[in-house]
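*Asks:* Generate coordinates for the sequence data below:
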Amino acid sequence: MAKKILVVDDELKIVQLVRAYLQQANFAVLTASTGKDALTLWKVEQPALIVLDLMLPDMDGLDVAREIRKRSSTPIIMLTARAEDADRIAGLEIGADDYVVKPFNPRELVARVRAVLRRVEGSAKPTVIEAGDLVINLDSYEAYLKGERLDLTPIEFKLLAALAEQPGRVFTRLQLIESLSGTTYATLDRTIDTHIKNLRRKIERDPQNPEYILTVRGVGYKFREQ
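*Replies:* Model (predicted):
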């Protein structure tokens, strides 16, 4: 089941932008434009994390955070247009888990949401992913099919790991290119298709009818859902 994220902001454009990126990352998104509505949704829906604007029309975001902290350790990421250290410190002192200053890159916010959730859950990510006959060891950079070690290039392994860590999520080619941070040469949009084709030859029983890495026509690729 997708984790619920409560986004609290009275700026509609920001809410729409954040919601779109979080939904693309397979989160279920709840929204509120006031502190009162935020507290009601938090009590009823029990979200996994709250993205909370500091300045709301009916009450200060810090007061909302204080109310939540009285009864819960639900992770909170504060949003604000003010970059002063005093605001940042006040948010962190009442128990906010992170602080993002507007304007921000929505991809960075999604990354911070994931990072806070991983931290709260106690581990950065699983070290071993199992899907049918396929086993991927993220620590050793090794993958096995039916117990046999696969001869994957660094790029092939990174692509496989990026997809398998989020089964069911559709990745565009650009997002897959971005997952290849640390590679020593440029990867162009269409070369992703070549790497996926080579990867399928190594992990699929029938590369023409893949079971693990599926094509989403006109968008990109996804790893099969368990």
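*Asks:* Low-confidence stretches in the protein?
*Replies:* Filtered on pLDDT under 70, the chain yields the residue ranges 82-89, 122-126, 181-190, 226.
*Asks:* Sketch out the strands for this protein, chain order is fine.
*Replies:* In the chain, the segments counted as strands under DSSP state E are 4-8, 28-32, 49-53, 76-80, 98-101, 128-131, 134-137, 142-145, 148-149, 171-172, 213-216, 220-223.
*Asks:* So which elements touch the last one?
*Replies:* Yep, that's strand 220-223 we're talking about. With contacts defined as 3 or more Cβ pairs under 8 Å, 6 or more residues apart in numbering; DSSP states H and E, the packing partners of strand 220-223 are helix 154-164, strand 171-172, helix 173-178, strand 213-216. Placement of C-beta: from N, CA and C, glycine included.
*Asks:* For the ones you listed, give me JSON lines that also has distance to residue 70 and mean neighbour count.
*Replies:* Putting those into JSON lines (distance: least, Cβ to Cβ, whole Å; neighbours: other Cβ atoms under 10 Å) gives the following:
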{"stretch": "helix 154-164", "distance to residue 70": "39", "mean neighbour count": "20"}
{"stretch": "strand 171-172", "distance to residue 70": "40", "mean neighbour count": "18"}
{"stretch": "helix 173-178", "distance to residue 70": "39", "mean neighbour count": "16"}
{"stretch": "strand 213-216", "distance to residue 70": "44", "mean neighbour count": "14"}
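*Asks:* Looking at the ones you listed, which is nearest to residue 68?
*Replies:* When the helices and strands packed on strand 220-223 are ranked by proximity to residue 68, the top entry is helix 173-178, at 32.2 Å, counting by Cβ to Cβ.
*Asks:* same for the closest one, what does it pack against?
*Replies:* Helices and strands touching helix 173-178, as assessed by 3+ Cβ pairs under 8 Å, 6+ apart, comprise helix 154-164, helix 189-203, strand 220-223.
*Asks:* picking that back up, select, out of the helices and strands packed on strand 220-223, the one closest to residue 80.
*Replies:* Ranked by Cβ to Cβ, the member of these that lies closest to residue 80 is helix 173-178, at 26.8 Å.
*Asks:* so how far is that closest one off the chain centroid?
*Replies:* Taking Cα atoms, centre = their mean, to the nearest Å, one finds the center of helix 173-178 at 14 Å from the center of the full chain.
*Asks:* Same question for stretch 166-175.
*Replies:* 11 Å.
*Asks:* export that stretch as CSV, just CAs?
*Replies:* As requested, C-alpha coordinates have been extracted for stretch 166-175 and formatted as CSV (Å, rounded to 0.1, in the frame of the first residue of the first chain):
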residue,chain,number,x,y,z
GLN,A,166,10.8,0.8,-6.6
PRO,A,167,8.7,-2.0,-8.3
GLY,A,168,5.7,-0.7,-10.2
ARG,A,169,7.1,2.9,-10.5
VAL,A,170,7.4,4.1,-14.1
PHE,A,171,10.8,5.7,-14.8
THR,A,172,11.3,8.0,-17.8
ARG,A,173,14.5,7.7,-19.7
LEU,A,174,15.7,10.9,-18.1
GLN,A,175,15.0,9.6,-14.6
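*Asks:* which other residues reach that stretch?
*Replies:* With contact meaning Cβ atoms under 8 Å, 6 or more residues apart in numbering, stretch 166-175 is reached by 25-26, 131, 162-163, 179, 189-190, 192-193, 216, 219-226.
*Asks:* can you rerun that using 7 Å?
*Replies:* Contact with stretch 166-175 is made by 25-26, 163, 189, 192, 216, 219-226, as judged by Cβ atoms under 7 Å, 6 or more residues apart in numbering.
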